[in-house]
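Peer 1: Give me a model of this one.
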Amino acid sequence: MLFAIAWRNLGRHARRSFITALAMAVGVALCMGSIALSDGIFQQVAHVMVDQSLGHVQVHHPDWPTRKRAEDTQPEAAALVGALEARPGVVGVTGRLVTAVLIGGPSTSAGARVLGVDPPREAAVSGLDHLVAEGRPLGPAPAREALLGAELAKSIGVGLGDEVVFVGQGASGSIANDLFRVVGLVRTGSTLADRSGAWVHLGDLQAFLELPDQVHEVLILGNDAGDSAALRDAVAPVVPPGRLLRTWEEASPVTARMMALQDGGALIMLAFVFSVAALGVLNTMLMSVFERTRELGVLRAIGMSPGRVMRLVLAEALLLGALAAGLGLVLGAAVDAYLVYVGIDFSVGEGKGLSWSGIQMDPVIRGAVRWQGIALTVGAVLGVSLLAAVWPAWRAARLRPVDAMRQA
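Peer 2: The predicted structure is shown next:
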């Protein structure tokens, strides 16, 4: 009742301004929520494609990226890994041996990409131990144990405790084969890895391929994927000459371009929402000038300069934008809190999440809040408010006092 009375007592212009500010605040909240949800999705993608698969910096034999031959290895791998771990800014280092094999189950077989990993170091870089959906991680010492992608295990009909046979080619060209016991099933989030990925102890795969103390790639993890160039420069002094040292952006330009879409999507959302908001501000300020033409004429008549009239209208628009930004931050904080702590359930068949660019999302996608997204949203609403008010302000500044005061 009190609100209704207060609302009736407000002037027409004040009511219109409040409604415009409220509509813009809703737009601010929607933008903040959309950016937080988008950042959450990109955070998942970055974890799977960069942290787990690429690392922040890579060391390879110069021919490995293009030829992928078994003999394109790095010798004295243990010494190199130890030297890299001692460099400043390094969070984790792991060496990997990679090969393709045929994995045989009780009645069927399938091709697989096998990674030989050092379990403790791999856990620090890719979090492999946390990706084990069933069973347990690999033990710290070689024991002919294997982790299989959950979809791969299902396709060849094996489960925990079953033995599988690996058939491949050794570095010398001879046929290599051995039995491994399945101790865990892995869900990485990568559709390809879950369907054709397998992990064994680095020592076991070195023996399988006859490549003692050798690895195909060394992955280095820092504090932030965005500082990969600085990390590369920090580790360069201990990398032997002739090795290929690259950041993840240099190693996978496609992934880097895809990750660059994160800010582009936010800008598109801001442009769409605030182009509509600009029309609201423009309409409000134009109506303000039309309704107060007589008052503006009086101000001009008593000596107010055109520039001061223009600044008066722009200041009113800026206050309108500030009110919208303040209300929007309150609403947006509530939306972001819901997305971060509760999330949105996008689960599809069998409890799986949506798939995007080969990445299997978690069924419940949660938002991630960056201060840059909030600052960009607030800056956009203030900028739009000022820009939309330029024409009404210019029109008000051009009013002739005599003509303005004649209007009833």
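Peer 1: tell me which element the residue nearest the centre of the chain is part of?
Peer 2: The centre of the chain sits closest to Phe42, judged by CA atoms, centre = their mean, with a distance of 2.3 Å. Using DSSP states H and E, Phe42 sits within helix 12-46.
Peer 1: Now that helix: average pLDDT?
Peer 2: Model confidence over helix 12-46, given as mean pLDDT, is 78.
Peer 1: My reading is that Val48 lies in a strand. Confirm?
Peer 2: No. Secondary structure of Val48, determined by DSSP: H, G, I helix; E, B strand; the rest coil: helix, with no strand assignment.
Peer 1: Backbone torsions only: list them for the residue nearest to it when sequence neighbours are not counted.
Peer 2: The spatial neighbour of Val48 that comes closest, neighbours along the chain excluded (CB to CB, 6 or more residues apart in numbering), is Gly189 at 4.3 Å. For glycine as for every other residue, the C-beta is placed from the backbone atoms N, C-alpha and C. In this entry, Gly189 is assigned phi and psi values of phi 100, psi -20 (degrees, to the nearest 10).
Peer 1: now swap in Ala78 and tell me
Peer 2: The phi/psi pair for Ala78 (degrees, to the nearest 10) reads phi -60, psi -40.
Peer 1: give the contact list for it.
Peer 2: If you count contacts by CB atoms under 8 Å, 6 or more residues apart in numbering, Ala78 has them with Gly95, Asp213.
Peer 1: now Thr73
Peer 2: With contact taken as CB under 8 Å, 6+ apart, Thr73 is in contact with His61, Trp64, Leu97, Ala171, Leu211, Gln214, Val215, His216.
Peer 1: I figured the first one was touching Gln74, is that so?
Peer 2: Same thing as His61. Yes. With contacts defined as CB atoms under 8 Å, His61 counts as touching Gln74 at a distance of 5.8 Å.
Peer 1: So between the two, which is more surrounded?
Peer 2: Here His61 and Gln74 are set side by side on neighbour count (other CB atoms under 10 Å), and the busier one is Gln74, at 24 against 20.
Peer 1: Which phi and psi values does that one adopt?
Peer 2: Torsion angles at Gln74 (phi, psi; degrees, to the nearest 10) stand at phi -110, psi 120.
Peer 1: Got the confidence number for it?
Peer 2: Gln74 is assigned 91 on the pLDDT scale.
Peer 1: Pairing-wise in the sheet, spell out the partners of it.
Peer 2: Beta-bridge partners recorded for Gln74 (DSSP bridges): Val215.
Peer 1: quick one, what contacts it?
Peer 2: Contacts for Gln74 were tallied using CB under 8 Å, 6+ apart; they are Val59, His60, His61, Leu80, Gly95, Gln214, Val215, His216, Val218, Arg243.
Peer 1: I'd like these laid out as JSON lines, including distance to Leu314.
Peer 2: Listed next are the contacts of Gln74 as JSON lines, based on distance: CB to CB, whole Å:
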{"residue": "Val59", "distance to Leu314": "57"}
{"residue": "His60", "distance to Leu314": "58"}
{"residue": "His61", "distance to Leu314": "63"}
{"residue": "Leu80", "distance to Leu314": "62"}
{"residue": "Gly95", "distance to Leu314": "61"}
{"residue": "Gln214", "distance to Leu314": "69"}
{"residue": "Val215", "distance to Leu314": "63"}
{"residue": "His216", "distance to Leu314": "62"}
{"residue": "Val218", "distance to Leu314": "58"}
{"residue": "Arg243", "distance to Leu314": "59"}
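Peer 1: Keep only those of these that are in strands.
Peer 2: For these, the ones inside strands are Val59, His60, Gly95, Val218, with DSSP state E as the criterion.
Peer 1: For Glu217, give its distance to Leu327.
Peer 2: Separation of Glu217 from Leu327 (CB to CB, to the nearest Å): 51 Å.
Peer 1: My error: substitute Gly161 in the last question.
Peer 2: With the distance defined as CB to CB, Gly161 ends up 59 Å from Leu327.
Peer 1: Residue ranges in the stretch 151-300 of the chain under the pLDDT threshold?
Peer 2: The model of the stretch 151-300 of the chain has pLDDT under 70 over residues 262-266, 269-270, 272-274, 276-278, 282, 285-286, 288-293, 296.
Peer 1: Ramachandran angles for the nearest residue to Leu219 once chain neighbours are set aside?
Peer 2: Setting aside the residues directly before and after it, Leu219 is nearest to Gly55 in space (CB to CB, 6+ apart), at 3.0 Å. With angles defined as degrees, to the nearest 10, Gly55 sits at phi 70, psi 180.
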